[in-house]
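J.: what follows is a predicted structure for the sequence shown.
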Number of protein chains: 2
Amino acid sequence: MRLDEKQGVMKIGELAKRSGLSAHTIRYYERIGLLPYADRDAGGRRDYDESILVWIAFLDRLKTTGMPIREMLHYAELRAEGGHTGPERRRILEAHRDRVRTHLADLQACLLVLDTKIDTYVEAEKRTHSHDDTEHSHKAGPIGARSARA
Amino acid sequence: MRLDEKQGVMKIGELAKRSGLSAHTIRYYERIGLLPYADRDAGGRRDYDESILVWIAFLDRLKTTGMPIREMLHYAELRAEGGHTGPERRRILEAHRDRVRTHLADLQACLLVLDTKIDTYVEAEKRTHSHDDTEHSHKAGPIGARSARA
DNA sequence: CCTTGACTTAGAGCGCGCTCGAACCCCTAG
DNA sequence: CTAGGGGTTCGAGCGCGCTCTAAGTCAAGG
């Protein structure tokens, strides 16, 4: 370990671990322009510093909320272009936010229907097993306790 | 119009209009087993009755909530198999519901971050244009009023 | 009779977002 | 010196969910 290598602290493998993306995916993202071209060390290997993690986390959120890569790319290009693109980036995010809100509402509506449907199955099972309530053991458990967060 | 054709009331084209799926997609769904094999008229054309719309609406909800076709297919097969598969169908729906809830929570979290990010752009624009607040007219409007439902 | 147009089938093709394989390079530990 | 385990590039391949093309059938209207 010599001291003339201070900039980059992570090689792609470590970034992969820390970001949750695969090294393959990181290279792919760089190729298409979602990630900035990374500095290389003497041997041509990518060398990242922490700051990339922030950008990747942001991309993850866009991805989670269903933004297509094409659009993330557009945003990334604007970002690379500089500060004067702020207003357009803002508009992109606002439009995206609205789509997400709409989708969220759709999901919530579906969830209600799903709950209702599940209830009809629960009722049906009650009627079928009627009073015969010997342990349903492994079948499902007493509802709830399964939903992790929320 | 003769009277010996009462069962089916819709041809695939009308079902397409009423269900929002394309005729291509309807045939595709039948092929893979998501939709039951439809009765054909004398000329071999598919002839549907209203009840199919209910099933399609349910499939749409599963789709909207991100269930992969493979799993809908499994559900569809159980359904076709009969009433004794109720408990398993129930378990499938419960597991799916839990995934949807989790995803919903993720989305909500992302939405918060998105809002924050947008705020930073808004702030930045405030500082840039400072007191120069001549109409930003078509740029965005005074927020809100755009999200349709919800 | 002939055209129009909605229907039929089998199967190819597409857009998306990765994911992987092949062949090679380079650094380090044993 | 050698083996291993990273890394590199380029490009092919894949799973998903449709989407479309081609070639043909059939029924009704002018």
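T.: The structure has been received and is ready for your questions. Numbering: from 1, shown residues only, chains lettered A, B, ... in the order given.

J.: please identify which helix or strand holds the residue of chain A found nearest DNA strand D.
T.: In chain A, the residue found nearest to DNA strand D is A:G13; the distance is 2.3 Å by C-beta to the nearest atom of the strand. C-beta coordinates here come from the backbone N, C-alpha and C atoms, glycine included. In this structure, A:G13 sits in helix A:12-19 according to DSSP states H and E.

J.: same question for that helix: list its buried residues.
T.: A:I12, A:L15, A:A16, A:S19 (16 or more other C-beta atoms under 10 Å in any protein chain shown).

J.: residue nearest the middle of chain A, spatially speaking?
T.: Geometric centre of chain A, nearest residue: A:T64, 3.6 Å, by C-alpha atoms, centre = their mean.

J.: need phi/psi at A:L35.
T.: Here is the backbone geometry of A:L35 (degrees, to the nearest 10): phi -110, psi 140.

J.: and it, how far is that from A:A80?
T.: 11 Å (C-beta to C-beta, to the nearest Å).

J.: can you pull the residues of chain A lying near DNA strand D?
T.: Neighbours of DNA strand D within chain A, by C-beta under 7 Å from any atom of the strand: A:K11, A:I12, A:G13, A:E14, A:A16, A:A23, A:R27, A:A38, A:R40, A:G44, A:R45, A:R46.

J.: what's the burial count for the nearest residue to the third one once chain neighbours are set aside?
T.: Translated: A:G13. Of all residues not flanking A:G13 in the chain, A:A23 sits nearest, at 6.0 Å (C-beta to C-beta, 6 or more residues apart in numbering or on different chains). A count of nearby residues for A:A23, using other C-beta atoms under 10 Å in any protein chain shown, gives 16.

J.: how about A:Y28?
T.: 14.

J.: how distant is the helix or strand hosting it from the center of its chain?
T.: Secondary-structure element containing A:Y28, defined by DSSP H and E: helix A:23-32. Put simply, helix A:23-32 sits 16 Å off its chain's centre (C-alpha atoms, centre = their mean, to the nearest Å).

J.: avg pLDDT for that helix?
T.: Averaged over helix A:23-32, pLDDT sits at 97.

J.: how about that helix: buried residues?
T.: Those buried within helix A:23-32 under the rule 16+ other C-beta under 10 Å are A:A23, A:I26, A:R27, A:Y29.

J.: does A:L107 sit in a helix or strand, and which one?
T.: helix A:86-129.

J.: quick one: that helix to helix B:86-129, angle?
T.: 160 degrees (axes from the mean of the first three to the mean of the last three C-alpha atoms, to 10 degrees).

J.: give me the contact status of helix A:86-129 with DNA strand C.
T.: No - using C-beta under 7 Å from any atom of the strand, helix A:86-129 never reaches DNA strand C; the gap is at least 12.7 Å.

J.: that helix - what's its average pLDDT?
T.: pLDDT averaged over helix A:86-129 gives 94.

J.: can you count the residues close to the closest residue to DNA strand C within chain A?
T.: The nearest approach of chain A to DNA strand C comes at A:I69, 3.2 Å away (C-beta to the nearest atom of the strand). Here the number of neighbours of A:I69 (other C-beta under 10 Å) works out to 16.
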